[in-house]
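Undergrad: Please work out how this folds:
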Amino acid sequence: MTYTPPPRDPKAPPIRINLLSDTQTRPTPAMREAIARAEVGDEQIGDDPSVNLLCERVADLLGKEAALFLPSGTMCNVAATLVHCRPGDEILAHETAHIIAREGGAHAALGGFQITPLPGADGRFPPDAFRAALHPRSRYQPPQTLVSVEQTANIGGGTIWKKAALDEIVKIAKANGLATHMDGARLLNACVATGVSARDMASGWDSAWIDFSKGLGAPVGAVIAGSRDFIDEVWRWKQRLGGSMRQAGICAAACTFALDHHVGRLADDHANARALARGLSQIRGMEVQEPETNLVFFKPDGAGVSGDDMVKALHQRGVLLAMMDGRIRACTHLDVSAGMIEETVGRVREIVRGA
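TA: Residues are numbered from 1 along each chain as shown. The predicted structure follows:
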């Protein structure tokens, strides 16, 4: 087992349609201009005006007292749990949550936390499941200190936590002395799809963050928000984890540009995801989950092709997707056009016909 990603095979066909993830986006020419014009300073001593502006914008967007720029969403999650919890504490989250399945065990390795998986359809645990998992405080069981939700739920299919459910989770948590954390990697996708503001969506959550390197199209970065005291403690972990940077304004400027220009257009990604799902569902035997945002999960087995074989065949035709938890995941983003969606459906039909 090696952990280093292999270099791209130079003999592999060029990728023309990249549906692997919204992390695959490239900065637009206008975003690159914003990066080039960015005012910079030393972010590590609080002297980068572009970083400071971005943090002020996100704090206001999420309705929190303060915010902090970090290199990645994973670091946002890890730093948040390191602040909210102490070694031996218990975190409750959905069984497919990113903090369980996609962050290399960082929360256990760095914090000594145990994460209890909660069941629920489409990446969301119902409030009753959360309530049922709570136990009385005693020396026999770990202190339950944090509940975390993922908005949108990635493995669930890009599904949206409804505002009423979020409010109920917060109510239960506060009544039982737990802090609340929102992994908001695709939070703005949920906001655009529902019309609920980011401030309202994050209301009651002690910490929340948004990722800029996914659908918003920036090359790097995420911003976490919360109370001033919480962010002050996150600063300590930002330093410890190596996330305290220097002239990070060139990155922050891309994120601010994304807030100004790339939020509303997330609706285009959602429309393309619906078009992809609609086209795939018209292929006999194809099992397709109806998308709520920009993720489309499907299984081609009923059409006579395994998921792995479909992914390989599409790759040979210049279309990049991935298997995720037994299904194929396609992710729409600003570098994917309606024409590319139409071509992808056609390629899938072609592969099925040849099966």
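Undergrad: if I look at residue 223, how far off is residue 327?
TA: Distance, residue 223 to residue 327, by Cβ to Cβ, to the nearest Å: 31 Å. C-betas here are computed from N, CA, C, even on glycine.
Undergrad: Neighbour count for the two, which is higher?
TA: Counted by other Cβ atoms under 10 Å, residue 223 and residue 327 do not tie: residue 223 has more neighbours, with 27 against 19.
Undergrad: Give me the pLDDT for the residue nearest to that one when sequence neighbours are not counted.
TA: Using Cβ to Cβ, 6 or more residues apart in numbering and skipping the chain neighbours, the partner closest in space to residue 223 is residue 58 (4.1 Å). Note on residue 58: pLDDT of 98.
Undergrad: can you count the residues close to residue 58?
TA: By other Cβ under 10 Å, the residues close to residue 58 number 26.
Undergrad: What number of neighbouring residues does residue 267 come out with?
TA: 14.
Undergrad: Which residue, other than its chain neighbours, is closest to it?
TA: Using Cβ to Cβ, 6+ apart and skipping residues adjacent in sequence, the residue nearest residue 267 is residue 192, 5.5 Å away.
Undergrad: and that neighbour, how far is that from residue 217?
TA: Per Cβ to Cβ, residue 192 is found 14 Å from residue 217.
Undergrad: can you pull out the helices in the stretch 251-355 of the chain?
TA: Along the stretch 251-355 of the chain, the stretches classed as helices by DSSP state H, counting those that start in this stretch are 266-281, 307-316, 338-353.
Undergrad: no no, the stretch 101-250 of the chain
TA: 106-111, 127-133, 163-175, 187-194, 198-201, 228-240, 249-261.
Undergrad: Compile those into JSON lines and extend it with columns for mean pLDDT.
TA: Formatted as JSON lines, these follow (pLDDT from 0 to 100):
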{"stretch": "helix 106-111", "mean pLDDT": "97"}
{"stretch": "helix 127-133", "mean pLDDT": "98"}
{"stretch": "helix 163-175", "mean pLDDT": "98"}
{"stretch": "helix 187-194", "mean pLDDT": "98"}
{"stretch": "helix 198-201", "mean pLDDT": "98"}
{"stretch": "helix 228-240", "mean pLDDT": "98"}
{"stretch": "helix 249-261", "mean pLDDT": "98"}
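Undergrad: quick one, which of these is nearest to residue 41?
TA: Set against residue 41 and scored by Cβ to Cβ, these come closest in helix 249-261, at 6.8 Å.
Undergrad: buried sites along the closest one?
TA: Using 16 or more other Cβ atoms under 10 Å as the test for burial, helix 249-261 gives 249-259, 261.
Undergrad: Longest strand in the chain, by number of residues?
TA: Of all the segments of type strand in the chain, defined by DSSP state E, the longest one is strand 144-150.
Undergrad: How about the contacts made by residue 12?
TA: When contacts are counted by Cβ atoms under 8 Å, 6 or more residues apart in numbering, residue 12 touches residue 315.
Undergrad: Now it, what are its backbone angles?
TA: With angles defined as degrees, to the nearest 10, residue 12 sits at phi -70, psi 150.
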